[in-house]
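[1] structural data only, the sequence is not supplied:
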């Protein structure tokens, strides 16, 4: 299998589908695969014809984390250096702050570093057979792909500490109940539901959607007053682009009344 084969990239209109393709390792990520993921998602973000990405895995698993067999053999491409936004992380793209939404479609295991990749996505569509967990707790492998940062922000500090310290498995229903999963779907249907959701997001006015995503992420870096200013400045940029006036004109003509999204 070549390096390119380890990551599959497909297109369905404005949706880019990125799949980890190492089923023989339950989609565990070695150094070369991490680099490929990083490059693919950066390319998606600058592609003018793609609006939303769906991130998934082949062979009935999302991702089993870092490829510890490769680590044990001294994988020289596995990056572990400190770095800020837009630098490659050990699992690849997990430090990237993209301008466009990424939806994870999860079946099977999303554990250890694979769970960190799922946390990196903006939303998670999870099938009923999925399992999350900080399984690397058993092997002394730390969370260094923002797992200790994103998990408390998503589900609250107390619940996050339970999962981080115990490493216990979390089934799909519990993941949904605690806010780790955004959508819970029948087994084997995560990909199709995630693509449908991605197509729905792609139909919205994109400048506004991307600005609101940016502001929601950026506010974690700022004091409240600075976050207020940042939100307003971004919003004014959207209004100045003409997208808001165009939408208001469509509303005035009768479109989108009574909550209709079509």
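    Happy to help now that I have it. Remember, predicted model here, so these are calculated numbers, not experimental data.
[2] so what's the nearest residue to residue 85 once chain neighbours are set aside scoring on pLDDT?
    Nearest residue to residue 85 in three dimensions, chain neighbours excluded: residue 97, at 5.0 Å (Cβ to Cβ, 6 or more residues apart in numbering). All C-beta atoms are positioned from the backbone trio N, CA, C, and that covers glycine. Here, the pLDDT recorded for residue 97 equals 96.
[3] element containing residue 97?
    Using DSSP states H and E, residue 97 sits in no helix or strand.
[4] of all residues in this structure, which one is nearest the centre?
    The structure's the chain has its C-alpha centroid closest to residue 121; by Cα atoms, centre = their mean the separation is 1.2 Å.
[5] tell me where the stretch 1-150 of the chain has strands.
    Here the stretch 1-150 of the chain has its strands, by DSSP state E, counting those that start in this stretch, at 7-12, 15-20, 52-57, 102-106, 109-111, 123-127, 131-133.
[6] list the buried residues in the first one.
    Read it as strand 7-12. residue 7 (16 or more other Cβ atoms under 10 Å).
[7] over to stretch 47-67?
    Quick answer for stretch 47-67 (16+ other Cβ under 10 Å): 50-57, 61-67.
[8] of all those, which two lie farthest apart?
    51 and 67 (31.3 Å; Cβ to Cβ).
[9] right, so of the strands of the stretch 1-150 of the chain, which gets closest to residue 241?
    strand 52-57 (19.3 Å).
[10] distance to residue 210 and mean pLDDT added to the strands of the stretch 1-150 of the chain, as TSV?
    Below are these laid out as TSV (distance: least, Cβ to Cβ, whole Å; pLDDT from 0 to 100):
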stretch	distance to residue 210	mean pLDDT
strand 7-12	19	97
strand 15-20	15	98
strand 52-57	10	98
strand 102-106	12	98
strand 109-111	26	98
strand 123-127	15	98
strand 131-133	28	98
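[11] you'd agree residue 222 is up against residue 230?
    Yes: using Cβ atoms under 8 Å, residue 222 is in contact with residue 230, at 6.2 Å.
[12] contacts only, for residue 21.
    By Cβ atoms under 8 Å, 6 or more residues apart in numbering, the contact set of residue 21 is 1, 5-8, 27, 57-59.
[13] low-confidence ranges, this structure, go.
    1-4, 75-80, 258-259, 261-262 (pLDDT under 70).
[14] before we move on, what SS does residue 236 have?
    Look at residue 236: counting by DSSP: H, G, I helix; E, B strand; the rest coil, its state is helix.
[15] and for it, the neighbour number?
    12 (other Cβ atoms under 10 Å).
[16] re earlier: just put the strands of the stretch 1-150 of the chain in a markdown table and tack on distance to residue 217.
    As requested, the strands of the stretch 1-150 of the chain are exported to a markdown table (distance: least, Cβ to Cβ, whole Å):
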| stretch | distance to residue 217 |
| --- | --- |
| strand 7-12 | 24 |
| strand 15-20 | 20 |
| strand 52-57 | 16 |
| strand 102-106 | 12 |
| strand 109-111 | 21 |
| strand 123-127 | 13 |
| strand 131-133 | 22 |
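[17] looking at these, which is closest to residue 203?
    Short answer: strand 52-57, nearest of the strands of the stretch 1-150 of the chain by Cβ to Cβ, at 9.9 Å.
[18] mind listing what's buried in the host helix or strand of residue 248?
    If you go by DSSP H and E, residue 248 is part of helix 243-252. Residues 243-244, 247 are the ones in helix 243-252 that count as buried (16+ other Cβ under 10 Å).
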